[in-house]
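1. Quick one: sequence and predicted model below, then my questions.
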Amino acid sequence: GENHIICRSKDKKPHTIIWKNKVYLHLIPNLLLYLPLTIHIIKKHKIDLIVAQNPFINGIIATLASIITKKPLLCTVHGYDFTINLKNWKFKTLQWPLRKIVLKMARRITCDTKAVRNVLISWGVEPRKIVITGSYVDTKMFNPKVDGRAVREKLGLKEGDPMILYCGRLVPVKGVERLLKAAKIVLKNTKNAHFVIVGDGPQRERLEKMAKELGIEESITFVGLLDYKEIPRYMSAADIYAHPAYSESFGKACAEASACAKPVVAFKVGGIPEVIIDGETGLLVENGKIKQYAKALIELIKNEKMRKTMGEKGRKYIKRYEFEKRERKVAQVYRMTARGV
């Protein structure tokens, strides 16, 4: 069958269609055009199922299209739905109430983890409507055989120097300031450890200043934004992957680190405990306990055998999230929803 995806475009052209492998991408500049275009596509191409990729603005448009065309609606809830700033009054008044309508009208709702499922149930969603499909990890792209030696050379790291890596946005919810505080403790108790921060965002300047104030700037490298294809090389170069987030629905970067056979140190938040098995594929710390977080990093830095064992177990465990396995499940859920099963 055919798949039609409708996205907002920065281009001012009224409607651009990109076609590849039976997938039609419809780019439009104005949200007001979403609904009539969606209805037109559904009727013209005899669409069997409408899928909304969030329960907010896109979700309400998909819901209206579902009501008008009498086609079933499936809504996928992603992690950013939970980390968005609910203190923003515009979001609360204009978008947040819409989720109730979308989630009530959806025949089925998919999400990444049990943690997200529990949040949905707390919102009043019927448990029978929720299906956990998981996220996916490219275990071919992220694998232990990727050569990271050039990255270590570029960073000026000698053989045996412990490298602790973080990859992600530099925004408050990611908690990178907590990693810097932990780094200060780690550097007092280890030799030659180096922290590498990959990513960019509004907090970068503040975090760089914080590293200087903590007196650890010589042991911290802010790499900035990288092409996604470069990330596996940095993962392979690292000894430990550090994930200090306050909130996380799945923790894809953690899963990618595991795919590269690297142990992960993270806080027990959201869906992280479903992706990283404490004491097996990494070390998990109670949220906010920075001293314990630093202790976990130190333990792994000083124990090469533990790092290797956890990394190997992580690689095996994360294979359950391989793209092909996840897509088969998603396709099955889509078919069942379209048929009303």
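-> Yep, it's here. Note that the coordinates shown come from a computational prediction; the quantities given were computed from them, not determined experimentally.

2. ok but Ile41 is inside a helix, no?
-> Yes. Counting by DSSP: H, G, I helix; E, B strand; the rest coil, Ile41 is part of a helix.

3. How about it: what's its closest non-neighbour residue?
-> Distances taken as CB to CB, 6 or more residues apart in numbering place His4 nearest to Ile41, at 5.2 Å, with adjacent residues excluded. C-beta coordinates here come from the backbone N, C-alpha and C atoms, glycine included.

4. helix, strand or coil for Phe222?
-> The three-state label given to Phe222 by three-state DSSP is strand.

5. who touches it in this structure?
-> Phe222 is in contact with Ile197, Arg204, Leu207, Glu208, Ala211, counting by CB atoms under 8 Å, 6 or more residues apart in numbering.

6. residues in contact with the fourth one?
-> Which is Glu208. With contact taken as CB under 8 Å, 6+ apart, Glu208 is in contact with Glu217, Phe222.

7. can you tell me how far it sits from Ala182?
-> 17 Å (CB to CB, to the nearest Å).

8. How about the first one?
-> Computed with CB to CB, the distance linking Ile197 and Ala182 is 13 Å.

9. mind listing the strands for the stretch 101-250 of the chain?
-> With DSSP state E, counting those that start in this stretch, the ranges of strands along the stretch 101-250 of the chain come out as 108-111, 130-132, 163-167, 194-198, 220-224, 240-243.

10. These: which one's closest to Gln53?
-> Across those, Gln53 has its closest neighbour in strand 108-111 (10.2 Å, CB to CB).

11. Tell me which strands that closest one pairs with, and in which orientation.
-> Under the criterion DSSP bridges, strand 108-111 sits next to strand 73-76 (parallel), strand 130-132 (parallel) in its sheet.

12. Packed most tightly, which of the ones you listed would that be?
-> strand 73-76 (a mean of 24; mean count of other CB atoms under 10 Å).

13. C-alpha coordinates for that strand, CSV please?
-> This file holds the C-alpha atoms of strand 73-76, laid out as CSV (Å, rounded to 0.1, in the frame of the first residue of the first chain):
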residue,chain,number,x,y,z
LEU,A,73,-7.3,7.3,14.2
LEU,A,74,-4.1,6.1,15.9
CYS,A,75,-2.0,8.5,18.0
THR,A,76,1.7,8.0,18.8
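
14. now what about it, what contacts it?
-> Contact with strand 73-76 is made by 49-55, 59, 62-63, 66, 102-103, 105-111, 333-334, 337, as judged by CB under 8 Å, 6+ apart.

15. make it 7 Å
-> Contacts to strand 73-76, defined as CB atoms under 7 Å, 6 or more residues apart in numbering, come from residues 49-53, 55, 59, 62-63, 66, 102-103, 105-110, 334, 337.

16. In PyMOL, how would I select just the buried ones from those?
-> Filtering these down to the buried ones (16 or more other CB atoms under 10 Å) takes a single PyMOL command:
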select buried, resi 49+50+51+52+55+59+62+63+66+102+103+105+106+107+108+109+110+334+337
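
17. In helices only, show me the contacts of strand 73-76.
-> Among the contacts of strand 73-76, the members found in helices (DSSP state H) are Gly59, Ala62, Thr63, Ser66, Val102, Leu103, Met105, Tyr334, Thr337.

18. Could you measure from Tyr241 over to Leu300?
-> 10 Å.

19. Now do the SS call for the closest residue to Ser9 other than its chain neighbours.
-> Residue nearest to Ser9 in three dimensions, not counting chain neighbours: Leu27, with 3.6 Å by CB to CB, 6+ apart. Secondary structure assignment for Leu27 (three-state DSSP): strand.

20. residues near Gly279, how many?
-> The tally of other residues near Gly279 (other CB atoms under 10 Å) stands at 11.

21. And the pLDDT at it?
-> Here the pLDDT value assigned to Gly279 is 98.

22. Then Gly1?
-> Per-residue pLDDT puts Gly1 at 69.

23. Ok, Leu94 next?
-> Listed pLDDT for Leu94 reads 63.

24. Please shift the residue numbers so they start at 371 in all later answers.
-> Yep, numbering from 371; the last one is Leu464 now.

25. Would you mind saying which of the strands of the stretch 471-620 of the chain lies nearest Pro514?
-> Judged by CB to CB, the one of those that comes nearest to Pro514 is strand 610-613, at 13.0 Å.

26. For the residue nearest in space to the middle of the chain, what are phi and psi?
-> The centroid of the chain falls nearest to Lys622 when counting by CA atoms, centre = their mean (4.3 Å). Main-chain dihedrals, Lys622, degrees, to the nearest 10: phi -60, psi -40.

27. Isn't it up against Tyr506?
-> No. Under the criterion of CB atoms under 7 Å, Lys622 is not in contact with Tyr506, lying 8.6 Å apart.

28. ok so, going back, Tyr611 and Leu670: which is more packed in?
-> Neighbour count, other CB under 10 Å: between Tyr611 and Leu670, Tyr611 has more, with 27 against 23.

29. element containing the most far-flung residue of the chain relative to its centre?
-> No residue in the chain sits farther from the centre than Lys414, which is 34.6 Å out by CA atoms, centre = their mean. Element membership for Lys414, per DSSP states H and E: helix 404-415.

30. So which residues of the stretch 571-711 of the chain form helices?
-> Ranges of helices within the stretch 571-711 of the chain are 574-583, 601-607, 622-629, 642-645, 660-672, 674-688, 693-709, based on DSSP state H, counting those that start in this stretch.
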